[in-house]
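**Q** this is a predicted model, with the sequence first.
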Amino acid sequence: MTDRPAHHGPEGRFRIPWPVENPEGRARGGVLRWQWERIWTRLPSNPPPSALPLVAGRVARPRADAGEIRVTWIGHASFLVQIGGRNVLLDPHFGPRASPFRWMGPRRLVPPGLALDALPPVDAVLLSHDHYDHLDAWSVRQLHRRFGDAVRWIAPLGHAAWLRAHGIGNVADVDWWDAVDLPGGEGALTVTCAPAQHWTRRRMREYNDRLWGSFALRTAAGASVYFGGDSGYFGGYGEIGARLGPFHAVLMPIGAYEPRWFMAPAHMNPEEAVRAYRDLGSRGAFVPMHWGTFRLTDEDPLEPPVRLRAAWANAGLPPDDLHVLRHGETLVLEGIGRA
Ligand code: ZN
Ligand code: ZN
């Protein structure tokens, strides 16, 4: 008998510890079948640049007031979250491609919504997992060169060795439900790693050597943000909401879902993202991500927000709580944590 958590598999690998709703895509040979079927599928063309505008955001410099939350969409899963007087980057990606190569792989449709050299001082970087659309080595090196060990890097188990190999020492390696307190600012900011339904790999021979996760950020005054990372829909959002919520803002992935038979275990679609938001407690601003930046899968790159708006309306959720940000745009929530 060991008391190893269910998501810790044998031989140091991690695993999804619950039954997956659509397991077909996890069968062997899925990538080959997808690529084979893709030869015969007419994929939608790339959208014109005007369909994905880049706008100037409202980043607070150097930091936002403690009573505010500012969420700036840099693109894909990258955000600058200003909360509790701290500046926190989520899955920062400023590179030209979501790929291990500079000459091939999914190319960026839109420049980063906030340039690397336009960032305010960064206090922490949260990494959800090691896939190339979320963990970009060039961006990591640039951030480390600019901010050094003033930045606290927080990532699920297994990423610390990769970060140390890139010269980064100020790392918290966290399991699901582990919490890290960030010093400085006005009062405590606690970052808690939470479950997600996904997988990891950077090199061919690696598979689930590193854990994946989502994150909750909460200040002592009660300001709170949930970042869903990369995830298929699973039944755990009720528990995340009960343990770590409610949230003022919920950042959820809505893209990279076609073909469903293959993508469903690892990527939720817009309807599932709304279902997850309701499971979390139907509270706070919904900010979609993981769409419109890198073209990873087969759906039309402009389809996710259209389906999201329809799913939101069908669920009868308040229109004012849905915030489909453009690249670079900032959601500002004021008067938080004040009596
Ligand atoms: Zn991923
Ligand atoms: Zn992803």
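**A** Cool, got the structure. Ligands and ions are numbered 1, 2, ... in the order given.
**Q** element containing the residue lying closest to residue 259 once chain neighbours are set aside?
**A** Excluding its sequence neighbours, the residue lying closest to residue 259 (C-beta to C-beta, 6 or more residues apart in numbering) is residue 298, at 5.8 Å. All C-beta spots, glycine's among them, are computed from the backbone N, C-alpha and C. Under the assignment given by DSSP states H and E, residue 298 is not contained in any helix or strand.
**Q** wait, residue 283 sits on residue 242?
**A** No: contact status for residue 283 versus residue 242: not in contact, 12.0 Å apart, counting by C-beta atoms under 8 Å.
**Q** could I get the full set of strands for the stretch 51-200 of the chain?
**A** Per DSSP state E, counting those that start in this stretch, the stretch 51-200 of the chain carries strands over the ranges 69-75, 78-83, 86-90, 124-126, 152-156, 171-174, 179-182, 189-194.
**Q** same list (those) but as CSV, adding mean neighbour count, mean pLDDT and distance to residue 138.
**A** Listed next are the strands of the stretch 51-200 of the chain as CSV, based on neighbours: other C-beta atoms under 10 Å; pLDDT from 0 to 100; distance: least, C-beta to C-beta, whole Å:
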stretch, mean neighbour count, mean pLDDT, distance to residue 138
strand 69-75, 26, 98, 14
strand 78-83, 26, 98, 13
strand 86-90, 25, 97, 14
strand 124-126, 25, 98, 14
strand 152-156, 25, 98, 16
strand 171-174, 20, 97, 19
strand 179-182, 15, 96, 25
strand 189-194, 22, 98, 24
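**Q** so which of the ones you listed gets nearest ligand 2?
**A** strand 78-83 (11.0 Å; C-beta to the ion).
**Q** from residue 240, how far off is the spatially closest residue to residue 207 that is not a sequence neighbour?
**A** In space, and not counting its chain neighbours, residue 207 is closest to residue 201: 5.3 Å by C-beta to C-beta, 6+ apart. Per C-beta to C-beta, to the nearest Å, residue 201 is found 24 Å from residue 240.
**Q** again with residue 320
**A** 24 Å.
**Q** give me the more crowded residue out of those two.
**A** Per other C-beta atoms under 10 Å, whichever of residue 320 and residue 240 has more neighbours is residue 240, with 24 against 7.
**Q** so which residues on the stretch 1-150 of the chain come close to ligand 2?
**A** residue 133 (C-beta under 5 Å from the ion).
**Q** and the residue of the stretch 1-150 of the chain nearest ligand 2?
**A** Relative to ligand 2, the nearest point of the stretch 1-150 of the chain is residue 133 (4.3 Å; C-beta to the ion).
**Q** give the contact list for that residue.
**A** 76-77, 93, 98, 106, 294, 296 (C-beta atoms under 8 Å, 6 or more residues apart in numbering).
**Q** again, only this time at 10 Å
**A** Going by C-beta atoms under 10 Å, 6 or more residues apart in numbering, residue 133 touches 76-78, 91, 93, 95, 97-99, 105-106, 230, 256, 290, 293-294, 296.
**Q** ok, the residue nearest the centre of the chain to residue 310 distance?
**A** Centroid-nearest residue in the chain: residue 229, 3.0 Å away (criterion: C-alpha atoms, centre = their mean). Residue 229 sits 24 Å away from residue 310, going by C-beta to C-beta.
**Q** same thing with residue 146?
**A** For residue 146 relative to residue 310 (C-beta to C-beta), the value is 41 Å.
**Q** and if you look at residue 230?
**A** 23 Å.
**Q** what about these two, which has more around it?
**A** residue 230 (27 against 13).
**Q** which ones are touching the closest residue to residue 302 other than its chain neighbours?
**A** Distances taken as C-beta to C-beta, 6+ apart place residue 47 nearest to residue 302, at 5.2 Å, with adjacent residues excluded. Residue 47 is in contact with 109-110, 292, 295, 300-302, counting by C-beta under 10 Å, 6+ apart.
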